[in-house]
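Undergrad: Sequence and predicted structure below; questions after.
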Amino acid sequence: MRIQTIFLIACRQATAALVLTVLLVASALLGQICAAPSTRSFLRLNQAGIQVDLSRSRPLQTWKPQIQAYSMRHYGEARWHLVPRCIVLHYTASSSFPWNLVQSGNFAGEAPGLASHYVVDGLKVWQILPPTVRSRGAYGINHRALNIEMVALDQADLARNRKKTLESTARLVADLASRFKIPLEEVYSHEEVATMDPSCVPWVLDLVNPGPYDKIDPGRANMAKIRARVDDLLQ
Ligand SMILES: [Zn+2]
């Protein structure tokens, strides 16, 4: 009897251990599947010599409720989650990393501060926000757009002195476009978004102030160059 009891307990323990092992293996596999898109994405950029850095990311526990309230006021959608439909390109109007995109708590008297998804500087890509979270990078389109800032003082600086930044940006755009199924026609300049004209950019919307505003970044020649390169990379 005693031996039978011991045998029964041993069997139960073995079954429990087996179930636990199966669960652990399944969760590890699921984790790999879920992590696959971003890992693959970084790999492709890494292979081109581009380093993606997450160390200057915005803390999401404060960002999410603030951008959700912003989205409700400006787009009528109480959401922080982003399903990217287009990509908007900018320059930072600075010669080095724009710390305001990481540190500002508000802009024009409204939270959250300004923040794009990515800042590109040479062979470095800083991810400020993940691509599935809404940014505050381009007035009138933050509910649909991924925003990418290129470190440059102005159009001429970007065109003449920042060739690696242009190339890294084209690679990042191509990568995001294929990941999120965004066609090349949905890659816009901030200048185009600022027209607030749906015939130019179909997604533009703002419930507070729907009027056009002034932006010239990142420059038409730079846009043409990046679009041609992205087209190349997507072939
Ligand atoms: Zn801009």
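TA: The structure has been received and is ready for your questions.

Undergrad: okay, which residue is most central for this protein?
TA: In the chain, the residue lying closest to the centroid (C-alpha atoms, centre = their mean) is Pro131, at 3.0 Å.

Undergrad: Quick check: pLDDT value at that residue.
TA: Listed pLDDT for Pro131 reads 98.

Undergrad: do you know how far it is from the ion?
TA: According to C-beta to the ion, to the nearest Å, Pro131 stands 18 Å off from the ion. Placement of C-beta: from N, CA and C, glycine included.

Undergrad: Could you verify that that residue is part of a helix?
TA: No. Going by DSSP: H, G, I helix; E, B strand; the rest coil, the assignment for Pro131 is coil, not a helix.

Undergrad: Was I right to think it contacts Pro84?
TA: Yes. Assessed by C-beta atoms under 8 Å, Pro131 is found in contact with Pro84 at 5.9 Å.

Undergrad: these two touch, right, Met196 and Asp206?
TA: Yes. Counting by C-beta under 8 Å, Met196 does reach Asp206; the two are 7.1 Å apart.

Undergrad: what is in contact with those two at once?
TA: Common contacts of Met196 and Asp206, defined by C-beta atoms under 8 Å, 6 or more residues apart in numbering, comprise Gly140.

Undergrad: what do Pro131 and Pro84 both touch?
TA: Listed as contacting both Pro131 and Pro84 by C-beta under 8 Å, 6+ apart are Leu146, Leu176, Phe180.

Undergrad: Domains in the protein, by residue range?
TA: 1-39, 48-234 (automatic domain parsing).
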